[in-house]
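In: Got a sequence here, can you model it:
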Amino acid sequence: MAALAVEARVGCCNLTSDNTAGGMPEVVAALTAAVSGTAPSYGNDHYTKSLNAVFSKVFERECTVFPVATGTAANALALASCCKPWSAVLCHAGSHIHVDEAGATEAAGCGVKLIPIEGANSKLTSESITAQYDATTRYGDYGGVPAAVSVSQVNESGLLYTLDELQAIGEVARVKKLVLHMDGARFANALEGLGCSPADMTWRCGVDVLSFGGTKNGCLAAEAIVFFTGPDTALTADFRLRLKRAGHMWSKMRFLSSQLLGYIGDPTDGAEAPWRRGARHGNRMATKLAAGLASIAAGTGEGGIRVLQSVEANEVFLSLPERVLNGVFRDGHTCLDIGAMSGQKGPGELLRCVCSWDTKEVELDAFLQSIRTNALAEPTGSIDEVPARVATPAPFSTKEWQGLGAVPLNSKMVFHHRVSDQTDAALAMPIFCVRGVNDGPTLLVLAGVHGDEFEPLVAAQDMLESLDPATMSGTWLCVGCCGVAGYLAASRVAPSDNKNLARCFPGDEDGTYTERVAFALTRDFISLPEVTAVIDLHSAGRVARMVTLVGYNLFRDPADAELGAMSQALARAIAMPLVWGHRCDPDVCARSSLNEEKGSRTTLYGAYLHRKPAVYCETTGTGGLDVADVQRYVDGLHRALTHLHILNPGHSVAAPAVTTLDTVDAPPALWSGAENGDADKASSGHLQSQNITPVAGIWRAAVDLWDGVTAGQKIGTVSTHFGSTVFELRASKSGTVVLLRHLARVDAGDFLAVVV
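Out: Sure thing, here's the model as predicted:
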């Protein structure tokens with residue numbers, strides 16, 4: 001069982017079990033409150049005493065509830081209460097109580113016998129229970145006396161008993177005088193899967209006692225044994241003694257009970273119950289995972305990627321080719337290879353992925369991307385050819401990038417490129433190249449420098465589809481995702497070194513991952529003698545929203561005037577609503593350090609070092625994908641290709657009728673000898689450096705994008721969560737609002753707005 005101890009890397013997905021998740025905030029808060037002060041011991045505290053009333057409201061009938069710390073204890077003690085030492089419990093052959101609890105029920109019941117019943121999909125049926133009961137009792141009491149039947153909901157194959165199936169089993173239990181026990185380790189997930197009430201799935205179907213799970217769905221360590229009877233019945237009268245004898249009568253039982261109360265919430269306040277919310281999220285993530293796997297299988301043609309059965313709750317059973325599974329593990333993700341662990345299947349043939357209340361969607365996306373990438377990788381580590389997205393004169397290829405000399409005329413190709421010492425195929429950068437029928441200039445486009453900016457990636461892909469080599473004289477070359485590690489984590493920075501790729505140029509061959517990526521982009525693309533100009537595509541990311549713009553640098557030294565003028569002309573040809581020039585001193589850029597967040601080691605500085613005209617583009621952001629913004633980028637790139645005489649004019653896209661604002665920053669203080677590359681905050685293109693909040697709180701903007709403001713006008717406020725305004729932002733100059741913070745929660749030092 002060593003695989004159970006494997007931990008996922010930070011930013012990666014751990015789907016081994018829902019037991020790996022932490023505690024829900026409501027559960028932690030309830031436990032924290034219970035920790036303070038004193039309270040009566042051994043279940044006489046008000047937390048434990050209130051459980052019966054709370055659960056009775058949830059289940060719509062009188063309940064008697066006993067908290068325990070583990071699911072095994074809940075099952076074993078619940079079943080032992082139903083049985084004499086010579087009794088038997090009917091259960092499925094693959095049930096948790098039979099296979100995974102080390103004889104706990106037999107021990108707690110002083111010799112109670114478990115009688116396993118085979119059945120498809122890990123399910124008992126009314127017929128199979130009847131047949132086993134009759135076979136066991138055929139010769140009187142010599143085979144043991146069945147006293148109970150146990151069903152798991154969710155069951156061991158991740159499937160659900162329908163209400164009709166449960167009612168049929170309940171009827172058999174009633175006729176045969178069997179206590180019906182439900183192992184509800186994932187009870188909440190089953191409820192959400194069926195869309196029914198707790199009462200409908202339990203006592204209304206004939207369930208007598210429930211092992212109510214909490215730990216898998218957000219409790220730290222808390223389960224409940226729920227009897228659907230009063231406190232003085234045959235099942236419950238002596239149960240406290242059974243708890244004590246088994247070592248489960250906690251002296252500080254409030255620490256269990258408070259978790260359950262926080263988990264359930266107040267059934268009468270109308271708010272969404274934490275336990276239902278958490279289960280709903282886990283189920284939704286499992287559905288997303290299954291859909292993603294199906295999409296990958298269809299898109300890659302990899303027949304070994306299969307979802308093995310329907311997804312009805314929060315578990316997905318699947319298969320992956322062994323090489324794909326090994327790649328996923330190398331990428332830092334984990335799941336459970338139950339087939340290999342049992343010795344009944346080969347590696348990857350039977351995997352279980354369990355989503356939890358806390359499964360991060362971005363981590364699940366990274367897990368799916370890892371599967372997709374490794375499915376396209378050959379066993380040797382190279383990447384297979386992928387099907388062409390459109391008909392092209394030359395087929396797509398995903399060979400290692402070897403430079404433009406390896407790309408024939410009249411071709412459209414896809415390559416991959418890795419940092420020099422990088423062997424992980426999942427972090428290979430996609431390289432798109434469309435080369436025309438004749439030689440000519442080369443436009444280099446960089447997309448995905450920041451991993452939380454998605455319009456650039458899609459625009460690059462759409463350009464690849466739309467360009468026809470037959471209409472071109474020259475080359476469109478694009479790094480389709482520069483910061484792959486950041487993209488896989490949906491993060492502005494790479495998780496491994498927390499560095500901003502857009503502040504690391506020209507990079508360091510022996511530096512951190514991000515510094516090596518910047519070095520590779522500079523050496524292998526920006527510096528190529530064939531490259532005529534560079535465009536770096538961005539968006540406002542997840543925390544901001546901004547107008548669509550194109551920016552460029554103008555330089556202090558007259559020797560750089562032509563380079564600045566060429567960049568300006570390229571920006572105006574791209575023709576975004578805002579065309580923004582920054583006055584830049586390369587000497588100050590050189591003095592800033594790599595990854596200095598407010599420094600000037602940008603892609604444009606990397607292009608300057610190799611005398612390439614360069615511009616950057618920004619668009620709305622907020623972490624979504626605005627198709628209109630994607631189209632603006634595609635149209636602007638077509639205009640850039642026409643401007644550089646790569647794309648024949650008849651195949652370009654007309655510029656918008658009006659460029660709303662074409663502006664150049666005033667000469668900044670740094671031209672007068674200041675040492676800071678951001679002495680004029682806008683001069684380096686580091687947009688998030690002006691209008692900083694000095695306090696934390698909730699940001700509320702009083703203006704919108706494109707609004708004109710005058711010096712001193714209120715732009716917005718920051719307030720506390722108690723409602724007190726603690727900071728009021730006023731415009732330091734007159735101008736136009738081009739960027740606003742989108743994420744309302746701010747910390748001291750966060751930007752709020754940009755005015756030009």
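In: For the residue lying closest to Val149 once chain neighbours are set aside, list each beta-bridge partner.
Out: Spatial nearest neighbour of Val149, chain neighbours left out: Leu90 (4.4 Å); criterion: C-beta to C-beta, 6 or more residues apart in numbering. Glycine gets a C-beta too; all of them are placed from N, C-alpha and C. Leu90 has these beta-bridge partners by DSSP bridges: Ile115, Val149.
In: burial of Leu90, as a residue count?
Out: Neighbour count for Leu90, taken as other C-beta atoms under 10 Å: 25.
In: any idea how far it is from Val755?
Out: 74 Å (C-beta to C-beta, to the nearest Å).
In: doesn't Met566 make contact with Val615?
Out: No. The pair Val615 / Met566 is not scored as a contact, 10.0 Å apart, by C-beta atoms under 8 Å.
In: Those two: which has the busier surroundings?
Out: In this view Val615 and Met566 are compared by other C-beta under 10 Å, and Val615 has more residues nearby, 33 against 18.
In: report the longest helix in this protein, please.
Out: helix 274-300 (DSSP state H).
In: average pLDDT for it?
Out: For helix 274-300, mean pLDDT is 91.
In: any idea which helix or strand comes after it?
Out: strand 306-307 (DSSP states H and E).
In: For that following strand, which helices and strands make contact with it?
Out: On a contact count with 3 or more C-beta pairs under 8 Å, 6 or more residues apart in numbering; DSSP states H and E, strand 306-307 meets helix 274-300, strand 315-319.
In: Asn326: which of those is closest?
Out: strand 315-319 (13.9 Å; C-beta to C-beta).
In: Identify all contacting residues around the closest one.
Out: 154, 157-158, 286, 289-290, 293, 304-309, 348-355 (C-beta atoms under 8 Å, 6 or more residues apart in numbering).
In: go again using 6 Å as the cut-off
Out: 158, 286, 289-290, 293, 306-309, 349, 351-354 (C-beta atoms under 6 Å, 6 or more residues apart in numbering).
In: Direction included, what does that strand pair against?
Out: strand 306-307 (antiparallel), strand 351-354 (antiparallel).
In: Looking at those, which one is packed in the most?
Out: strand 351-354 (a mean of 25; mean count of other C-beta atoms under 10 Å).
In: Could you pull up the mean pLDDT of it?
Out: Strand 351-354 comes out at a mean pLDDT of 96.
In: How about stretch 186-197?
Out: 96.
In: Show me what counts as buried in that stretch.
Out: Within stretch 186-197, the residues scored as buried using 16 or more other C-beta atoms under 10 Å are Arg186, Phe187, Ala188, Asn189, Ala190, Leu191, Glu192, Gly193, Leu194, Cys196.
In: which residue ranges form the strands in the stretch 201-350 of the chain?
Out: 209-212, 223-227, 306-307, 315-319 (DSSP state E, counting those that start in this stretch).
In: which stretch in those strands has the least confidence?
Out: Across the strands of the stretch 201-350 of the chain, strand 306-307 gives the lowest mean pLDDT, at a mean of 93.
In: Name the residues that touch that one?
Out: Residues contacting strand 306-307 (C-beta under 6 Å, 6+ apart): Ala290, Leu293, Leu318, Ser319.
In: Repeat that for stretch 197-211.
Out: Counting by C-beta under 6 Å, 6+ apart, 58-60, 74-75, 78, 166-167, 170, 173-174, 179-184, 226-228 sit against stretch 197-211.
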